[in-house]
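give me the fold of what follows.
(one chain, ligands or ions: 1)
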Amino acid sequence: MRRYDLETRLLHGGDYNPDQWLGYPEILAKDLALMEKAKANTFSLGIFAWSTLEPEEGVFRFDWLDKIMADIHEMGGNVILATPSGARPAWLSQKYPEVLRTNERREKQLHGGRHNHCFSSPVYRKKVAIINKKLVERYGNHPALLMWHISNEYSGDCHCDYCQENFRSWLKQKYTTLEALNEAWWGPFWSHTYSDWSQVESPSSLGETMVHGLNLDWKRFVTDQTIDFYQHEIKDIRRVTPNIPITTNFMADTNDLIPFQSLDYGEFSKHVDIISWDCYPAWHNDWGTTADLASKVGFINDQYRSLKQQPFLIMESTPSSVNWHDVNKAKRPGMHLLSSLQFIAHGSDSNLYFQWRKSRGSSEKFHGAVVDHDNSEENRVFQEVTKVGHSLEKIKAVKGSYKKAKVGIIFDWANNWALEDAQGFSQQSKRYAQTLQEHYRSFWNADIPVEVITPESDLGKYDLVIAPMLYLIEEETMDKFTEYVTQGGRLVSTYVTGYVNETDLTYLNGWPKKLQKLFGIAVKETDTLYPKDRNQLNYQSKSYEVQDYCSIIELKGAQSLGSYVQDFYAQQSAVTKHTVGAGTAYYIGARTAQDFLTDFYTALAQELSLTNPWVVAGHPDVSVQSRDFEEESYYFVMNFSEEIQIIEVAEESTDLLTGEKISKHIQLQPYGVKVLHP
Ligand code: GAL
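As a prediction, this is how the structure comes out:
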C-alpha cells in the first residue's frame with residue numbers, strides 16, 4: 001500500500017515554493033513550525049522550480065529539495081511533487097528557441113511568463129523527459145511522496161510549424177481523405193476547398209477564422225495535443241512509480257466560475273488518476289449574492305466529482321484574496337471556513353492553497369497566502385487557516401466517501417465551442433454554461449444533489465437528465481437519449497438544440513427526425529430577442545417572463561404544458577411533454593428566469609421523489625450537501641448569506657466541528673457552517 005491509500009487525513013496545505021527562499025534559512029525553519037501550527041499536512045513542491053533544479057543545462061541540484069522533502073516527512077506530512085514544465089529556465093529558451101510558443105498570428109514569443117511552451121517541440125519534450133526522469137528516480141521511493149502533480153494548469157495553443165504538421169497528421173487520421181475533410185468543413189464555401197494537405201493551417205486572425213469545422217477540430221486537436229504532451233511527461237513516472245497517483249491541476253473560467261472553456265476536461269479526466277482543480281471565486285463581489293456564487297462553485301465541484309465518479313482534490317484556493325480579480329477583496333471572517341468546507345461537502349478530499357508563503361517580489365507578492373509578509377501566526381488569515389486545519393481533522397471520517405445523485409446535467413465541451421463560434425442567434429446571450437448553472441440552481445436551492453456529466457456518461461443511473469442547449473448533437477447522442485427515455489428516464493431539453501452534427505454541419509430537412517420522434521415536436525424556428533425584449537409563457541396557470549430565445553414549436557404527438565402570450569407565435573406551445581416507452585421527454589422552448597425553472601423542477605422533483613428527505617424545511621441560501629457511505633451520511637449545512645438562517649431537518653445529530661448535539665431546528669450564523677452526523 002502506498003501513502004495515498006494509507007492517508008486517512010483530508011489534505012490541507014498547498015503550493016510551497018521554498019526555492020524562492022533558499023537564501024533565507026530562518027524563513028524555511030519557521031515555515032515548518034507554522035505548518036504544524038496550521039495543521040497543514042500536504043505540500044506541492046517544485047511546480048516552478050526548474051531553474052533551481054537545473055540551473056545550467058545538464059547541471060542538477062537536488063540538495064535543497066532533499067532537505068525539504070525530508071523535513072516534511074519528519075513532521076508527518078505529504079509531498080505532491082510537481083514536474084516543472086509549467087515554466088522553463090532562461091538558458092533553455094535562449095539555446096533552443098523552438099521551445100517558445102508561436103501565437104495564432106504566427107509570432108514567436110520571447111522568453112518570459114509561464115505556461116507558454118510548445119507542446120510539439122522535440123527539444124522541449126526531450127528536456128522535460130530528462131528532468132522528470134531525474135525526479136522520479138530520485139524521489140519515487142521517498143516516504144513523503146503522495147502524488148505527482150504534472151506541470152501546472154496546462155492551457156493555450158501553439159501554432160509553430162511542428163504544431164501545424166501534427167495538426168495535419170491528426171486530421172489525416174481523422175478524415176483519411178482530403179475529400180472527406182473538405183466535405184466535413186464545407187470546403188466550397190468562399191472557395192475554401194483544399195487540394196493538398198499542406199494547405200491546411202490552424203485558425204488565425206491573419207488567415208482563416210470562418211471555417212467552423214476547422215475551428216472545432218483545432219480545439220479538439222489542442223486538447224489531444226495537450227494530453228499527448230502530458231502522456232509524454234508521465235511515461236517514466238508511470239513506469240517507475242506505478243502506484244503513485246498522478247494528477248494535473250484543472251481550472252474554471254472567470255471570477256464567476258463557469259466550466260473551463262479551452263480544454264475538453266471530459267477527455268483529459270480519463271487520463272488522470274485523480275482530478276484536482278484550482279478554485280478562485282470572487283467572494284463578496286458587487287454583482288451577485290453570496291448564494292449566487294456558492295451555487296456556481298457547487299456546480300464546478302460537482303462536475304469534477306462526476307467526471308471520474310470519485311472524490312477529487314482542491315489543489316489551489318486562496319486563504320484570503322487573489323491578485324488577479326478586478327478587485328481583490330479579502331474574505332470576510334467566517335468565509336474561509338465556509339468556503340473550504342463547501343469543497344469537502346461536494347466531494348473534495350482536500351483544501352490546498354496557493355500558496356503557503358507570500359512571495360517577496362514579482363507579480364504574486366500581494367496574492368493571498370497562509371503566511372504573510374509579517375511572518376506571523378497572529379494575523380486573521382493564519383488564524384482562519386488554522387481553524388480550517390483543525391476542522392478538517394475533526395471531519396476526516398468523510399474522506400473517500402462519494403455522494404449519491406439521481407440528477408445529471410450535461411455539459412459538452414464540443415457543443416460549447418461550436419455554439420460560441422456560431423454566427424447567429426445573439427453573440428451576447430448564448431450563455432451556454434451560465435444556462436446550465438441556472439438549471440442547476442433550482443436543485444442547489446432545494447438541496448437536491450446533482451452530477452454534471454457529458455454526453456458520453458452512463459445515463460441509466462439518473463432518474464432525470466437535463467441537457468440544455470445542445471446546439472451540436474451527434475446522432476449517437478440522440479439514440480442514447482431515446483434509449484434512456486424509452487427505458488423510463490426523464491429528459492429535459494431546451495431551445496437552441498439540435499442544429500449541427502459533430503463537424504458543425506447543420507442537419508438537413510428540418511429539426512432532426514430522431515429528436516422529433518423523441519420530443520414529439522418539430523422546432524420550426526428560433527426567434528432571437530433583443531436584450532430588452534420580453535415575452536411571457538403561461539404554465540400551470542401562472543405567467544412567466546421569457547427572454548433571449550423562443551423556439552416556435554409544432555406539436556407532433558407531444559402534450560403542450562405551456563404557451564406563449566405575445567407575438568406572432570402567441571398561443572403556440574412553449575413547453576412540451578412527450579411520453580416515449582416508459583419515460584418522458586420535456587422540451588422548454590424559451591429562456592426563462594429562475595422562477596419558471598424552480599417551479600418546473602420542483603414539480604418534477606416531487607413526481608420523481610428526488611426531494612431531499614433529510615431537509616424538512618430548507619432555505620435557498622442554506623446549502624445542504626451530504627457525503628455518503630453505503631450505510632451512513634454526513635451532512636454539511638452551509639449558510640451562504642449575511643443573515644442568521646434557520647432550517648429544519650429530519651433527525652437530531654452531532655456537529656462534528658464542535659461536538660455539540662444539534663436538534664432538528666438548526667440555527668446558522670451568517671456564513672455559518674455545521675457538519676452533522678445523525
Ligand atoms: C493559479 C496558478 C498558481 C498561482 C495562482 C494564483 O492559476 O496555478 O501558480 O499563480 O493561480 O491565483
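
surely Ser43 forms part of a strand?
Quick fix: residue 43 reads Phe, not Ser. Yes - residue state for Phe43 (DSSP: H, G, I helix; E, B strand; the rest coil) corresponds to a strand.

quick one: contacts for it?
13-16, 35, 72, 77-80, 356 (Cβ atoms under 8 Å, 6 or more residues apart in numbering). For glycine as for every other residue, the C-beta is placed from the backbone atoms N, C-alpha and C.

so can I have CSV of those showing secondary structure?
As requested, the contacts of Phe43 are exported to CSV (three-state DSSP):
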residue, secondary structure
Gly13, strand
Gly14, strand
Asp15, strand
Tyr16, strand
Met35, helix
Ile72, helix
Gly77, coil
Asn78, strand
Val79, strand
Ile80, strand
Trp356, coil
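
between those, which sits nearest His346?
For these, the closest approach to His346 (Cβ to Cβ) belongs to Gly14, at 18.7 Å.

give the contact list for that closest one.
Per Cβ under 8 Å, 6+ apart, neighbours of Gly14: 40, 42-44, 316, 352-356, 370.

burial check on Glu456, number of neighbours?
Glu456 has 14 neighbouring residues, counting by other Cβ atoms under 10 Å.

also Gln571?
With other Cβ under 10 Å as criterion, Gln571 counts 11.

enumerate every residue touching it.
563-564 are the contacts of Gln571 under Cβ under 8 Å, 6+ apart.

among the contacts of Gly14, which are in reach of the ligand?
Near the ligand, taking Cβ under 6 Å from any ligand atom as the test, the members of the contacts of Gly14 found are 316, 354.

any chance of a markdown table for the contacts of Gly14, columns pLDDT and distance to Lys95?
Output for those, formatted as a markdown table (pLDDT from 0 to 100; distance: Cβ to Cβ, whole Å):
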| residue | pLDDT | distance to Lys95 |
| --- | --- | --- |
| Ala40 | 98 | 39 |
| Thr42 | 98 | 36 |
| Phe43 | 98 | 32 |
| Ser44 | 98 | 29 |
| Glu316 | 98 | 32 |
| Leu352 | 98 | 35 |
| Tyr353 | 98 | 35 |
| Phe354 | 98 | 31 |
| Gln355 | 97 | 30 |
| Trp356 | 98 | 33 |
| Val370 | 98 | 37 |
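
make JSON lines out of the contacts of Gly14 and add distance to Leu135.
Formatted as JSON lines, the contacts of Gly14 follow (distance: Cβ to Cβ, whole Å):
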{"residue": "Ala40", "distance to Leu135": "23"}
{"residue": "Thr42", "distance to Leu135": "18"}
{"residue": "Phe43", "distance to Leu135": "15"}
{"residue": "Ser44", "distance to Leu135": "13"}
{"residue": "Glu316", "distance to Leu135": "20"}
{"residue": "Leu352", "distance to Leu135": "20"}
{"residue": "Tyr353", "distance to Leu135": "23"}
{"residue": "Phe354", "distance to Leu135": "21"}
{"residue": "Gln355", "distance to Leu135": "20"}
{"residue": "Trp356", "distance to Leu135": "20"}
{"residue": "Val370", "distance to Leu135": "25"}
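
out of the contacts of Gly14, who's nearest Asp196?
Nearest member of the contacts of Gly14 to Asp196, counting by Cβ to Cβ, is Glu316, at 45.6 Å.
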